[in-house]
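Enquirer: here's a sequence, model it:
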Amino acid sequence: MINEFGEDTNSYCSFESKDTVLLQSENGNLHQRVNVLTHELQKRKEREEQLEDVIQAYEKIHMEKNNLQRDLDKMVSGNT
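Expert: Sure thing, here's the model as predicted:
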């Protein structure tokens, strides 16, 4: 369709429509990427929490070992 200025308005609408489709597609891609990154972040947080639990367990075992070693040393030195 030609408007009063001699411009083809159909081609303008066609370009606008293509731009809208491209923007919607890009928006969908970005949402998908955000979802993937959010999932990865959640997995890493869970892994960090697991590692913190392992570290705490190791520290507890180390402390217990030191206590047992101290008690054993007292027993050995008390028998001589």
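
Enquirer: what is the burial count for Q24?
Expert: When counting by other CB atoms under 10 Å, one arrives at 10 neighbours for Q24. C-beta here means a position set from N, CA and C on the backbone, and glycine is covered the same way.

Enquirer: give me the pLDDT for it.
Expert: The per-residue pLDDT reported for Q24 equals 92.

Enquirer: now do the one 10 residues further on
Expert: Among the per-residue scores, V34 shows a pLDDT of 98.

Enquirer: count the residues that sit near E59.
Expert: One way to gauge burial is a neighbour count; for E59, by other CB under 10 Å, it gives 10.

Enquirer: same thing with K65?
Expert: When neighbours are defined as other CB under 10 Å, K65 has 10 of them.

Enquirer: over to E46?
Expert: For E46, using other CB under 10 Å, the count is 10.

Enquirer: same question, Q50
Expert: 10.

Enquirer: from L41, how far out is E26?
Expert: Taking CB to CB, to the nearest Å as the criterion, E26 is separated from L41 by 22 Å.
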